[in-house]
Structures are given as structure tokens and as C-alpha cells.
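K.L.:
Let's see this in three dimensions:
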Amino acid sequence: MVRLNPSDKPYFILNLILAGVILLIMGYSLFYSPDENEYPVSCIHEKLTGEPCPSCGLSHAFSLIVRGRVDEAMVWNSQSLRVFIFFALQLVMRLGLALTALRAKVNFRTVGITDAAVSGVMALTAFYPFFRVLWISLF
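P.N.:
Alright, predicted model coming up:
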């Protein structure tokens, strides 16, 4: 059995936690049927203002995407596929980095910096349309 250095454990644990959160998101999408439309979490913004927010329909769209119904998902939220791909790639990265942490001769400072940079670019790419809408509404 491979033992982690004490300084590597937090990074390993963080990757497992993030992978678990992403698996919960994917599980939520699989559990709730898009045909029944009975999602337990509703949009607070829409309830308060009566207007949909940029992320409205993501839960429904994710449920459609995991079932292979991508065209329908894009109707619910036009940005859903890019956000779903972000989470799918992050899941692969988290699991891969957790496995990398089990290797003996890895410089985790470099891995962590690279991880942060790559994840940051991915997040900005995936969520840019949401930020853009927010910035436009501020001015």
C-alpha cells in the first residue's frame, strides 16, 4: 500500500471531496427525471423577481444531458452543455489527481499550481456567459 506524505494528504483529500461533490451533482441529475419536472431546489431569483436567471433550467438540462438528450437540454438552458462538460472534465481531473497523489515522486506544489491554473481557465470558459450577463446587468 502506498503511503502519502503528510503534506500531500490535504490535496488528496480535497480532490476526493471535489470528486464526491461532482458525483452528487451527477447523481442528482440522474435521480430526478426531466419528464416529471419535480426538482426539490427551485430558483430563488425567479421566485423573488418573476424573471428567470441565467442559470435557470440547469438542473433540468443536466438531467436531460445524462440521458443523452442534449438538444432538449439546450432548449432549457443554452449554456448547459458547456457547464456539464466543465463538471465532467473536473471529475476526471479530480480522480486523476487523487491517483497521482498516490504516486511517490510527485511535486505537489507544481501539481497544485497547474491544477489551479487549468481549473481557473476551465471555470472562466464554462461560466463566462453567466459572468457576462451579471456584468451587463450591473451597468
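
K.L.:
Next, the contact list for the residue nearest the centre of the chain, please.
P.N.:
Nearest to the geometric centre of the chain sits residue 87, at 3.2 Å (Cα atoms, centre = their mean). Residue 87 sits next to 22, 25, 26 when contact means Cβ atoms under 8 Å, 6 or more residues apart in numbering. The C-beta positions use only the backbone N, C-alpha and C, and glycine is treated the same way.

K.L.:
So which of these is the closest to residue 93?
P.N.:
The nearest member of those to residue 93, counting by Cβ to Cβ, is residue 22 at 9.8 Å.

K.L.:
Once you drop chain neighbours, what's closest to residue 115?
P.N.:
Of all residues not flanking residue 115 in the chain, residue 97 sits nearest, at 6.2 Å (Cβ to Cβ, 6 or more residues apart in numbering).

K.L.:
and which of the contacts of residue 87 is nearest to residue 77?
P.N.:
residue 25 (14.6 Å).

K.L.:
where in this structure is pLDDT low?
P.N.:
1-7, 104, 133-139 (pLDDT under 70).
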